[in-house]
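S.K.: got a predicted model here, sequence first, then my questions.
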Amino acid sequence: MLPITRIREEKEQLIAGLLKRNFQNAALLIENALKLDDRRKELKSEMDAQLTELNTISKSIGELMRAGKKEEAEERKLWTGQLKEKSKNLGDELQAVEKELQDLLYTIPNVPHSSVPAGKSADDNEEIFKYGEIPQLPDGALPHWELIRKYDIIDFELGTKITGAGFPVYKGKGARIQRALINFFLDNALEAGYVEILPPFMVNEASGYGTGQLPDKEGQMYHMTADDLYLIPTAEVPVTNLYRDVILNSNDLPVKNVAYTPCFRREAGSWGAHVRGLNRLHQFDKVEIVQVRLPEESYQALEDMSQYVQGLLKKLELPYRVLRLCGGDMGFTSALTYDMEVFSAAQERWLEVSSVSNFEDYQANRLKLRYKGEDKKSQLLHTLNGSALALPRILAAILENNQTEAGIRVPSVLVPYTGFEFIN
RNA sequence: AGAGGAGUGGCAGAGUGGUCGAAUGCGGCGGUCUUGAAAACCGUUGUACCGCAAGGUACCGGGGGUUCGAAUCCCUCCUCCUCUGCCA
């Protein structure tokens, strides 16, 4: 949710920025938001005036009572009826306007950073960096969904039997390499100064709103209606919401958290040609990094996070590229997003394995996540997060790119974690 | 899950219908004193909104109600604690 003060002050830039997302009715919505805010202020002033008068009368009644002037007090009580009714009506209207304004603001996405290219779809994303050699696989190389069968390490049919499609069962070395990757990612993050968090895997509605999954992506989360809780689609949700309604001071900053969690996504309507095997799942494992920063530091932090994620990919010996997402392909709440994609040699495709974003104050405004510095004034902070990393596609790339006669070679950095060098 | 109790400022803790945004203590910040520090003493110390400002309004777990007036009374929901039960 964009802060209304920013909308007021930077109206033209915001409208121009939103156009990069092809958000066509930005001008109209922003105009409406400002009108509603004007109305809100008007109502607030009016109501406050009514309440001031009411409070004054009430106080004087109290004084008269104490002085024993009961009749005068009774007389004044008669004055209040109209005032009460008027302020009640004003209050109701104010509440309605505030709700309307908030609902409207929820429909306006974040404004892209100046470096974000305009564009409609993934085709317009900008490749800004590429690393590594595309491996030349021997004849007869298999895609990962064949490899997992061949070595019996991941079983989709079993998952379907006990749960449903998109819930794989990891077996033997398949399970062990999952655990190895999780620990490898967590240990790296700890070394980079992140504090580990193990959050609940379900969140309440307020948390869904805090990070912007609600109301925008309601249908994408598993909703447990009996208790009105949502299974988390990413650790971003519980971890970022740790800082909901919080005022931090300089000692608390920067916040750098890392969390491993399973992620649950309904992926309604997004199954297509390229979603075989591990490419898209309803449940998968991910290690997520989250930062809370001062506004002036947030873009440096984003670069740091991007470099950090790239470092992981290099250690895993995976060829990758970095994309700067275009306006049309960016998430609703993000101001700037880098996607890291690894090359999956047997599929001959790039697979998104990480998405690193700066949300600026968009999430912080919803969360009421603020900072109070030396000047005693509070200001909104910036939030950032990134996958570091999501497991299934990393595993898919490792399986495909490292297939040899002798089996699948485990990247050497992982061997201390897996305890084996080959999956065979 | 049943019975009972409780939710007040950063923390502890008073306050049961009016002058209470809220005593007091601790902590924080500023100062006096000191070569420096500690101690002591003095002052200060919540958030949001409206307003150019002066100032005003709201907030004592959330929501609703009674009343001229609610931290205080009523309803409801939530959370925590104790005991009993169940359970990894």
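M.R.: Received, thanks.
S.K.: which parts of the stretch 151-300 of chain A are strands?
M.R.: Along the stretch 151-300 of chain A, the stretches classed as strands by DSSP state E, counting those that start in this stretch are A:154-155, A:169-170, A:195-197, A:202-203, A:223-224, A:229-231, A:246-248, A:255-264, A:283-293.
S.K.: now for those strands, which one comes closest to RNA strand B?
M.R.: Across the strands of the stretch 151-300 of chain A, RNA strand B has its closest neighbour in strand A:246-248 (6.2 Å, Cβ to the nearest atom of the strand). Quick note: C-beta positions are derived from backbone N, CA and C, even for glycine.
S.K.: tell me the residues of the stretch 301-424 of chain A that contact RNA strand B?
M.R.: For the stretch 301-424 of chain A, the residues in contact with RNA strand B (Cβ under 7 Å from any atom of the strand) are A:Arg370, A:Lys372, A:Lys376, A:Ser378.
S.K.: quick check: nearest residue in space to A:Val292, chain neighbours excluded?
M.R.: Leaving aside its chain neighbours, A:Val292 sits nearest to A:Val255 (3.7 Å; criterion: Cβ to Cβ, 6 or more residues apart in numbering).
S.K.: may I have the beta-bridge partners of A:Glu288?
M.R.: A:Ala259, A:Ser387 (DSSP bridges).
S.K.: and it, how many neighbours does it have?
M.R.: Applying other Cβ atoms under 10 Å, we find 29 residues neighbouring A:Glu288.
S.K.: one step back: doesn't A:Gln291 make contact with the residue nearest to A:Val292?
M.R.: Yes. At 6.1 Å, A:Val255 counts as touching A:Gln291 under the criterion of Cβ atoms under 8 Å.
S.K.: which one of the two has more residues nearby?
M.R.: Neighbours were counted for A:Val255 and for A:Gln291 using other Cβ under 10 Å; A:Gln291 has more, 25 against 21.
S.K.: so who does that one touch?
M.R.: Counting by Cβ atoms under 8 Å, 6 or more residues apart in numbering, A:Gln291 makes contact with A:Pro254, A:Val255, A:Lys256, A:Asn257, A:Ala301, A:Met305, A:Thr383, A:Leu384, A:Asn385.
S.K.: with pLDDT added, can I get those residues in CSV?
M.R.: CSV is the format used below for the contacts of A:Gln291 (pLDDT from 0 to 100):
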residue, pLDDT
A:Pro254, 91
A:Val255, 93
A:Lys256, 96
A:Asn257, 96
A:Ala301, 98
A:Met305, 98
A:Thr383, 96
A:Leu384, 97
A:Asn385, 97
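S.K.: which SS class is the closest residue to A:Leu248 other than its chain neighbours?
M.R.: In this structure, A:Leu248 finds its nearest non-sequential neighbour in A:Tyr371, 5.3 Å apart by Cβ to Cβ, 6+ apart. Secondary structure, DSSP: H, G, I helix; E, B strand; the rest coil: A:Tyr371 is strand.
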